[in-house]
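A.B. asks: got a predicted structure here, sequence first:
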Amino acid sequence: MYTLPGLIDLQDALKGSGRNAGLRYLNSRVDHRFTAVYKPEAGVMRNVAIVDKLAEVVPANLLAVPLEETFCQFVLRDGFETQLQGFDVAIKCRSVLRKSVK
């Protein structure tokens, strides 16, 4: 069985210390400053959890972002699918996101 690089480490972080540990792990693997989880809610993407590489106070404009200012608007409208290289796995966000918006 194949696993994506880092997937087991992410699972371990989530199981051991929860969502914030998982976000810290993901954030450590990228160059950008913030890694976050958002929930669609009445035309707004509401922040559920966020990690800042600089460990500073999170700017208020990241706590609730109008849906029309996000990439999510296109995923909800058009769907999103990708094949992970080397794996027979498709990620389909469209139905999952639409269900959570309703």
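C.D. replies: Happy to help now that I have it.
A.B. asks: OK, contacts around residue 68?
C.D. replies: Residue 68 is in contact with residue 43, counting by CB atoms under 8 Å, 6 or more residues apart in numbering. Heads up, the C-betas are built off the backbone N, CA and C, glycines and all.
A.B. asks: what about it, which SS state?
C.D. replies: helix (DSSP: H, G, I helix; E, B strand; the rest coil).
A.B. asks: can you pull the poorly scored residue ranges out of the chain?
C.D. replies: 1-3, 81-102 (pLDDT under 70).
A.B. asks: any idea which element the residue nearest the centre of the chain lies in?
C.D. replies: In the chain, the residue lying closest to the centroid (CA atoms, centre = their mean) is residue 37, at 4.8 Å. Per DSSP states H and E: residue 37 is located in strand 34-41.
A.B. asks: which SSE is immediately downstream of that strand?
C.D. replies: Assigned by DSSP H and E, the successor of strand 34-41 is strand 44-52.
A.B. asks: please report the distance of residue 53 from residue 79.
C.D. replies: Going from residue 53 to residue 79 by CB to CB, to the nearest Å gives 31 Å.
A.B. asks: swap in residue 29?
C.D. replies: For residue 29, the distance to residue 79 equals 26 Å [CB to CB].
A.B. asks: ok, now residue 15?
C.D. replies: With distances taken as CB to CB, residue 15 is found 30 Å from residue 79.
A.B. asks: who has more neighbours, those two?
C.D. replies: Per other CB atoms under 10 Å, whichever of residue 15 and residue 79 has more neighbours is residue 79, with 13 against 10.
A.B. asks: so how far is residue 27 from the more buried one?
C.D. replies: Counting by CB to CB, the gap from residue 79 to residue 27 is 27 Å.
A.B. asks: can you check residue 21 too?
C.D. replies: Residue 21 is 11 Å from residue 27, where distance means CB to CB.
A.B. asks: tell me where this structure has helices.
C.D. replies: Listed in chain order, the helices of the chain (DSSP state H) span 7-17, 19-28, 72-78, 94-101.
A.B. asks: out of those, indicate the one that is most buried.
C.D. replies: Burial of the helices of the chain is given as mean neighbour count (mean count of other CB atoms under 10 Å); helix 19-28 ranks first at a mean of 17.
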